[in-house]
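In: Got a sequence here, can you build the structure:
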Amino acid sequence: TSVVMEVRLSWTKPVSNEGGAGGEVNFGGVKVYRLSNTSDTTDWGNPGNVVHVTGPAETMWTDTDLSPVNTYYYRLTSIDTNGIENQSFFSEIKGVRPENGVTRWYVNDGDRTGDSVTYAAGSDTHPGTRELPLRSLALAVIAADPGETVVLDAGVYPEQLVVNKSGVHVEGVSAEAVTVGQAGGAYSVVMKEVDNAGVSDVSVRGGVTNGVLVDRATRSRVERVRIEGLGGLGIRVTASRGNRIAGNVIRNNGSTGIQVDGFVRGNAIVGNVLDGNASYGINLVGAGTGSELIDDVMYQNEITRNDVGIGITSHVGTQTAVKSNAIDRNNIRGNTTRNIYNGALWKQQPFSTPVASLMSVGRNWYGTAQEDVIRGTLFLGNALPPGTFIPYRLGEVDTGLGADTEAPERPGNVSVNTSVVMEVRLSWTKPVSNE
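Out: Below is the predicted model of the structure:
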């Protein structure tokens, strides 16, 4: 497959008859059989599968009648020169997909309105280039190899987007211009059992149950996705490690904005807007006894008008290993029941264990600087040490992706002077570094 859009087959001529039978080897050539996208059939011998017949002198043939989105499977037979043709058993199966010479696969719907990266309506007979884009999301993912990108031009794609190949990234031209999802489906976008995959810059809107499922994934990304008006969850991350959920807008959905559950470690939830969701903005859920919620970070998120801002919960009667999670530099305000709620049962630790030993909760803005008001919006377990949520922000956090929200280090060398009657003079040195 070293030549773009060609498959070259080669073989050696037989020098004996099948089964060791004696007599002259009347080799008359080769029949080439081909199937597309399946190798499992009992019908290889169907004459309709023959794509080429050679003469006795040939030892090579090049197939050019190909599509870059298909995988082709080949088997050869020998034929003799007798008047009534005899044919050998099949050779072993050889499977291959042709090289199309690109690392970016382009997809477009049937409408050219708003298009910015392709030059034709999509069709699944096209090779997936800018000039001739594909139509189907599924075919584009099948075509893409690890390290390659599927680009969606402006349009509506009424199908489930499933990314089940590691190293493949699917990106829309913008979330405002690209909508994916199939009405009635469980999830509009699924990333399952992948490493270093990604979905970005698409939207999922009403008509589907849930938005995005990240299932048993590692080092993968969901970024700049808009999920609005669904009946269920926005994004669910389950049994996954080291993923990044960033820059998404998740509004007015019928359940939780982002749910993280099962055996999860090291996921980063950064720079998202979680607003007006009927349940939690973010919920870390212990899905069963022995499950883990460890080293997950919630950072620079805007979490407003949900029932609960951030929850840490577990199923009834189960215990979860919870350790070293961080809720840091978020705007968490105006949520109906609580801004932060801890309702989990910790594995091998009593419910009254101070939450500070299980997670860090600091430098968040709760819409006020009055500590008694802040305390009333939080439930962090039966024990709430006075400093659990301190330090907290005295003003709104800039939650834009890439924003510099590091505060300067605290003033140094603070001193108090009362040498003048009825005066208290404070002095300090300026910080020279950030926190």
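
In: Cys342: neighbouring residues, count only.
Out: Wrong residue type there; residue 342 is Asn, not Cys. The criterion is other Cβ atoms under 10 Å. On that basis, Asn342 has 23 neighbouring residues. Using the backbone N, CA and C atoms, a C-beta is placed for each residue, glycine as well.

In: helix or strand for it, which one?
Out: Taking DSSP states H and E as the definition, one finds Asn342 inside strand 338-343.

In: And Pro141, which helix or strand is it part of?
Out: No, residue 141 isn't Pro; it's Val. Per DSSP H and E, Val141 falls inside helix 137-143.

In: that older thread, for the strand holding Asn342, packing partners?
Out: Packing partners of strand 338-343 (3 or more Cβ pairs under 8 Å, 6 or more residues apart in numbering; DSSP states H and E): strand 308-314, strand 331-333, strand 378-379.

In: for Ala278, phi and psi?
Out: Ala278 adopts backbone torsions of phi -70, psi -20, taken as degrees, to the nearest 10.

In: next one: the one 5 residues further on
Out: Torsion angles at Asn283 (phi, psi; degrees, to the nearest 10) stand at phi -130, psi 120.

In: Look at it and report its pLDDT.
Out: The score at Asn283 is 93. That number is its pLDDT.

In: ok so, going back, output the contacting helices and strands for the helix holding Val141.
Out: Contact analysis of helix 137-143 by 3+ Cβ pairs under 8 Å, 6+ apart lists strand 104-107, strand 149-152, strand 161-163, strand 169-172 as its packing neighbours.

In: Kindly reformat those strands as JSON lines containing distance to Ser78.
Out: What follows is the helices and strands packed on helix 137-143, written out as JSON lines (distance: least, Cβ to Cβ, whole Å):
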{"stretch": "strand 104-107", "distance to Ser78": "39"}
{"stretch": "strand 149-152", "distance to Ser78": "42"}
{"stretch": "strand 161-163", "distance to Ser78": "42"}
{"stretch": "strand 169-172", "distance to Ser78": "45"}
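
In: and Asn342, which of those strands is closest to it?
Out: Between Asn342 and the helices and strands packed on helix 137-143, the shortest gap by Cβ to Cβ is with strand 161-163, which sits at 33.3 Å.

In: In terms of secondary structure, what does the closest one contact?
Out: Strand 161-163 packs on helix 137-143, strand 187-192, strand 198-200, going by 3+ Cβ pairs under 8 Å, 6+ apart.

In: Check the average confidence over the helix or strand following the shortest one, would you?
Out: Scanning the chain past strand 198-200 towards its C-terminal end, the next helix or strand to appear is strand 203-204 (assignment: DSSP H and E). This predicted structure assigns strand 203-204 an average pLDDT of 96.

In: strand partners of the strand holding Asn342, parallel vs antiparallel please.
Out: strand 308-314 (parallel), strand 378-379 (parallel) (DSSP bridges).

In: List of residues touching the longest one?
Out: Just to be clear, that refers to strand 308-314. The set of residues that contact strand 308-314 without belonging to it, under Cβ atoms under 8 Å, 6 or more residues apart in numbering, is 274, 279-287, 293, 298, 303, 320, 322, 325, 327, 330, 332-333, 335-345, 359.

In: among these, which ones are buried?
Out: Burial by neighbour count, judged by 16 or more other Cβ atoms under 10 Å, picks out 274, 279-287, 293, 298, 303, 320, 322, 325, 327, 330, 332-333, 335, 338-345, 359 from the contacts of strand 308-314.

In: where does the stretch 251-400 of the chain have low pLDDT?
Out: The model of the stretch 251-400 of the chain has pLDDT under 70 over residues 287-291, 314-322, 344-359, 380-387, 399-400.

In: mind listing the helices for it?
Out: If DSSP state H, counting those that start in this stretch is used as the criterion, the helices of the stretch 251-400 of the chain fall at 371-376.

In: Point to the residue nearest the middle of the chain.
Out: With distances taken as Cα atoms, centre = their mean, the chain has Gly198 as the residue nearest its mean C-alpha position (4.3 Å).

In: ok, that one - contacts?
Out: Residues in contact with Gly198, defined by Cβ under 8 Å, 6+ apart, are Val163, His169, Val170, Glu171, Met191, Ser220, Arg221, Val222, Glu223.

In: can you list those residues in CSV and add pLDDT and distance to Val32?
Out: Output for the contacts of Gly198, formatted as CSV (pLDDT from 0 to 100; distance: Cβ to Cβ, whole Å):
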residue, pLDDT, distance to Val32
Val163, 97, 34
His169, 96, 36
Val170, 97, 35
Glu171, 96, 39
Met191, 97, 38
Ser220, 96, 40
Arg221, 96, 43
Val222, 97, 44
Glu223, 95, 45
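
In: Put together TSV for those residues, with neighbour count and distance to Gly128 on each row.
Out: Compiled in TSV, the contacts of Gly198 are given as follows (neighbours: other Cβ atoms under 10 Å; distance: Cβ to Cβ, whole Å):
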residue	neighbour count	distance to Gly128
Val163	23	16
His169	20	15
Val170	27	13
Glu171	18	15
Met191	29	21
Ser220	26	23
Arg221	20	22
Val222	29	23
Glu223	20	23
